[in-house]
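Asks: give the three-dimensional model of this entry:
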Amino acid sequence: MDVFVRQGDSLYYFSQLFDIPLQLILDSNQNISPQNLFIGQQIQIPGYVGLAYQIRRGESLWAIAQSRKISVEGILLANPNITPTSLQVGQTIKIPLRITWRVVTGKRNYDYNSLVIDIRRLQTVYPFLKISSIGNSVMGKELQEIVVGNGNKRVHFDGSFHANEWITTPIIMTFLDDYLLSLTNRNTIRGIQTTPLYEQTFLSIVPMVNPDGVDLVINGPPSDEPYRSNVIEWNKGSTNFSGWKANINGVDLNDQFPALWELERDRNPKSPGPRDYGGEAPLTQPEAIAMADLTRRRDFARVLPFHTQGQVIYWGFENLQPPENEVLAIQFGEASGYIPIETTNSYAGYKDWFIQDWRRPGFTIELGIGTNPLPLTQFDEIYEDALGIFLAALYL
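Replies: Here you go, the predicted structure:
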């Protein structure tokens, strides 16, 4: 929500008036100088939207403010061209409305378009989010990174490396929404104050690594050629893509990383298909390249790619992991009820490569249990289990 500076206003005053942490207002307005505000300057207040309201006969700003549980000052700040005595019947003004509910609707078939819409909504309400493109999928869809916080501990979450594991994306987005709600409303999550997490942590999220594949599983084959003909051929003529893990090129993105890639290739398919084909060389697919470039650039302290299924936490790779990996995996297990397992005897995964090249904590989290794609009837249970891991990853 936008407000407009008056004589004597400050960002601290806005934080007190709207009951929003000052740091969130500062981070929502990074292009301004807090010490040099000028009259009429536009300031974004996170956690609020401006609700259009039409004045009715006999109404006053005080009565409107009372009914909406907002201050008259807040209304005046959002409407620089009105005064308490200048209201007219039928006039439309903006009423500050605090967001106390989820913006993300995760419990649905969550394709790329759903993600794009939800990111846009979140950015509108929470302008301290930093949204950027880290690259594009084979079919040109932007791979978006969401960053929350400016702390020294750099943590990364991602989802939907595998197409039919798309439920990981709305699970991650629901956590992000709850985290933002907690920050702007000064609430706890499971008794944990989230403001210190925001101050201490730089959280990077790539919610959908494989958007082309997700759309294929949820919406069926694309109309674009040669993609349509290729995927139907590789899927043995079937238009049921529920078993599809790969990207639109038929390459398994979690077999694309240079961590004993040759061993994974030796035992897996040698041509494109629904799953397990690692390509002709590591890091040949644009989605995998984008993730590798992001990881090098961000220098993460720990990474948590989310997959399905199994209710397990894989935490090792060729004994290259640091000692704290096992400790953290046990704590994640205690927070979720999931079982920590050192290794899967698999190679070339994103987590494997991170451990190999950085010698830092990396974990593959297998959410839920059953046959992929997991049904939405599991969504609430999966989210409650995953919530403990999300929080522990930021807190510990």
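
Asks: identify each buried residue in the lowest-mean-pLDDT helix or strand in the chain, please.
Replies: Lowest mean confidence among the helices and strands of the chain (mean pLDDT, DSSP states H and E): helix 61-68, at a mean of 94. Buried residues in helix 61-68, counted by 16 or more other CB atoms under 10 Å: 61, 64-65, 68. Yep, even glycine has a C-beta here, placed from its N, CA and C like the rest.

Asks: which one in the chain is furthest away from the centre?
Replies: Gly58 (45.5 Å; CA atoms, centre = their mean).

Asks: how far away is it from Thr92?
Replies: 17 Å (CB to CB, to the nearest Å).

Asks: give the next helix or strand downstream of the least confident helix or strand of the chain.
Replies: helix 72-78 (DSSP states H and E).

Asks: summarise which helices and strands that next one is packed against.
Replies: For helix 72-78, the elements it packs on are strand 2-4, helix 11-18, helix 61-68, strand 92-98, judged by 3 or more CB pairs under 8 Å, 6 or more residues apart in numbering; DSSP states H and E.

Asks: tally up the residues packed near Leu391, please.
Replies: 22 (other CB atoms under 10 Å).

Asks: how about whichever strand or helix holds it: buried residues?
Replies: According to DSSP H and E, Leu391 maps onto helix 379-395. For helix 379-395, burial by neighbour count (16+ other CB under 10 Å) applies to 379, 382-383, 385-395.

Asks: over to stretch 312-323?
Replies: Result for stretch 312-323 [16+ other CB under 10 Å]: buried residues 312-317, 321.

Asks: name the element the residue nearest to Met139 when sequence neighbours are not counted belongs to?
Replies: Nearest non-adjacent residue to Met139, counting by CB to CB, 6 or more residues apart in numbering: Asp212, 4.8 Å away. Using DSSP H and E, Asp212 falls within helix 211-219.

Asks: before we move on, what about Gly50?
Replies: Going by DSSP H and E, Gly50 is in strand 48-54.

Asks: list the beta-bridge partners for the closest residue to Leu97 other than its chain neighbours.
Replies: Nearest non-adjacent residue to Leu97, counting by CB to CB, 6+ apart: Leu51, 4.4 Å away. The bridge-partner assignment for Leu51, based on DSSP bridges, gives Ile95.

Asks: secondary structure class for Pro340?
Replies: Here Pro340 is recorded as strand under DSSP: H, G, I helix; E, B strand; the rest coil.

Asks: how near is the residue lying closest to it once chain neighbours are set aside to Pro323?
Replies: Closest residue to Pro340 apart from its sequence neighbours, by CB to CB, 6+ apart: Ala329 at 3.8 Å. According to CB to CB, Ala329 and Pro323 sit 11 Å apart.

Asks: over to Thr377?
Replies: 39 Å.

Asks: mind listing the strands in this protein by residue range?
Replies: 2-4, 42-44, 48-54, 92-98, 130-136, 142-148, 153-159, 188-189, 192-193, 201-206, 302-308, 312-314, 339-341, 364-367 (DSSP state E).

Asks: just put these in JSON lines and tack on mean pLDDT and distance to Phe354.
Replies: Below are the strands of the chain laid out as JSON lines (pLDDT from 0 to 100; distance: least, CB to CB, whole Å):
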{"stretch": "strand 2-4", "mean pLDDT": "98", "distance to Phe354": "40"}
{"stretch": "strand 42-44", "mean pLDDT": "98", "distance to Phe354": "35"}
{"stretch": "strand 48-54", "mean pLDDT": "96", "distance to Phe354": "38"}
{"stretch": "strand 92-98", "mean pLDDT": "97", "distance to Phe354": "39"}
{"stretch": "strand 130-136", "mean pLDDT": "98", "distance to Phe354": "16"}
{"stretch": "strand 142-148", "mean pLDDT": "98", "distance to Phe354": "16"}
{"stretch": "strand 153-159", "mean pLDDT": "98", "distance to Phe354": "9"}
{"stretch": "strand 188-189", "mean pLDDT": "98", "distance to Phe354": "26"}
{"stretch": "strand 192-193", "mean pLDDT": "97", "distance to Phe354": "26"}
{"stretch": "strand 201-206", "mean pLDDT": "98", "distance to Phe354": "13"}
{"stretch": "strand 302-308", "mean pLDDT": "98", "distance to Phe354": "5"}
{"stretch": "strand 312-314", "mean pLDDT": "98", "distance to Phe354": "12"}
{"stretch": "strand 339-341", "mean pLDDT": "98", "distance to Phe354": "17"}
{"stretch": "strand 364-367", "mean pLDDT": "98", "distance to Phe354": "10"}
